[in-house]
Structure formats: C-alpha cells, structure tokens
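Undergrad: Could you look at this predicted model? Sequence included:
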Amino acid sequence: MPIIHPQALVDSRAELADDVEVGAFSIIGAQVKIGGGSVIGEHIVLTGNTTLGRNNRIFQFCSIGEISQDKKYGGEPVTTTIGDNNTIREYVTIHAGTVQDRGDTQVGNGNWLLAYTHIAHDCVVGDNTVFSNGAQLSGHVRVGDYATMGGFSGVHQFCRIGAHAMVAGGSIIVQDVPPYVTVAGFPAKPAGVNSEGLRRRGFSAEEIQAIRRAYKTLYREGLTLKEARDKISQEAAQFPALERLLRFLEEEGRGIVR
C-alpha cells in the first residue's frame, strides 16, 4: 500500500503504485497516476489528468498538472506527462497542455528541475536536462536531451533548445538554439560550443572538433543558412553527431540565434 501521511488529501480515484510515498498537506487529484518508487513531498499539488512515471522525487511546494495560463484555454481535456527518475525541486510549476497545440505538456526521464523552474503549457522537455534555479519556459517550447538551462534564463514561446545546448544564466532566448551551442545574453547570442558538456557525455575529441568546425561554418564564415547546411552535410556521413544538427536546422522554427 502507498505510504500516505494522514494529513495529505489523496482522491480515492487517483492511481498510486504500492510503494509511493506522499507527504503531509499534499493534495492529489482524481485523475493523477503515480508510478512506483516515487516520493511526493510536503505541500505539493498534483492535479488534472497527470501521469508520473517511476522513481520521481518531488520536493515541497510544487504545483504540477494545473491548467495553463493561456487565456484561450476553455476547459478542454488536456494532460501532463512526466517520465521516470526526475528530480523536481522546490516551487517548480508544470502546467497542462492546450488543445491549440499538442494537448499535453511532456517532461522526459532523468531531468533535474531546480527550484522555481516553470514549464508552461505544451512544452516538451527531453531526457537528462538540467534546469537551474528560476529557469522559465513559455508555452510550446521544445528542449532537447542533455540541454542545460542556466539560472533565471527565459525562453520565448515556440522556441527550440537543441540537444546538448547550454543557455547561460540570465539569458533571454527569442530564437532557436541549435544543438551543441552555448548562448548568452539578452537577447541571447551564440558564444561557442558546449565542449565541456560534450566531453562529460563521452563525445570523442574528433567529434567535438567536427562540431566546432560546424559552428564556425554556421556562425563565422558569412554563409547563408542553406550554404552552411550544405557545407556541414559534407562531414555528416563521417560524424553522425552532425546529423542531429542538420535535422534541427532543417526544421521550421523561429530562426536560429545568429
């Protein structure tokens, strides 16, 4: 049986795995599903049609699954989906989707969402990301695997943050950040390759050098975006990591930071 503090309020229709723990003064709604091994701390609100996977730990004063702050929301059925092995620290807010987009806000696996992170409606966050304190996503944002969001950074709606990208603390993102790129400033501008992050994740020296060459092609040779893509594609067969960059550049978005 789940271990539920006597001062928690858990709707009888909620679905909790047998080893879930729920702390004092937390409120869990009727449509919430929580997977095994998860620990729900004190003073937490889980509401809406919200699904949490296994082994998540949620710290005090979080709000997850609440309706969006989008004025167009009219009570339609929408969802929030969170994967496995996430750490969600104090005062994090994650809002449900809207029918104007995908109808679901999604957080993947193994993410670290530090205090005061906000993930707005219809965002998609990949796996193994790090959101430092106060990082904020507007609606409809996509964040790739292993991306790092610096403290008090903010992302404009509909922007994309590529895999392994790094956003410096206090940065404001108003255009897409390609994979592997570090950005900084208000508005954010490219500031090099996230080489240290790539080394930590097992990228070889040759792969990192190829990514650095692609960065120079994209940002320092005065090429159009199409010309830069064509030149980068010449090395992509030898270095598959560049395929991720090319796919990102070919997708529609808000235009990349340049």
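TA: Everything's here; your move.
Undergrad: Grab the longest helix from the chain for me.
TA: Longest helix in the chain, counting residues (DSSP state H): helix 205-219.
Undergrad: Only the buried residues of it, if you could.
TA: Residues 207-208, 210-211, 213-215, 217-219 are the ones in helix 205-219 that count as buried (16 or more other CB atoms under 10 Å). Every residue, glycine included, has its C-beta placed from N, CA and C.
Undergrad: continuing past that helix, what's the next helix or strand?
TA: helix 225-236 (DSSP states H and E).
Undergrad: residues near the closest residue to Glu206 other than its chain neighbours, how many?
TA: Spatial nearest neighbour of Glu206, excluding adjacent residues (CB to CB, 6 or more residues apart in numbering): Phe239 at 7.4 Å. By the criterion of other CB atoms under 10 Å, Phe239 has 20 neighbours.
Undergrad: what helix or strand is Phe239 on?
TA: Assigned by DSSP H and E, Phe239 belongs to no helix or strand.
Undergrad: Is it in contact with Ile208, as I believe?
TA: No: with contact defined as CB atoms under 8 Å, Phe239 does not count as touching Ile208 (9.8 Å).
Undergrad: Next, the contact list for Asn56, please.
TA: Counting by CB atoms under 8 Å, 6 or more residues apart in numbering, Asn56 makes contact with 34-35, 37-39, 82, 84-88.
Undergrad: quick check, nearest of those residues to Glu252?
TA: The nearest member of the contacts of Asn56 to Glu252, counting by CB to CB, is Ile82 at 27.0 Å.
Undergrad: I'd say the closest one and Gly48 touch.
TA: No: in this structure, Ile82 is not within contact of Gly48 by CB under 8 Å, at 11.9 Å.
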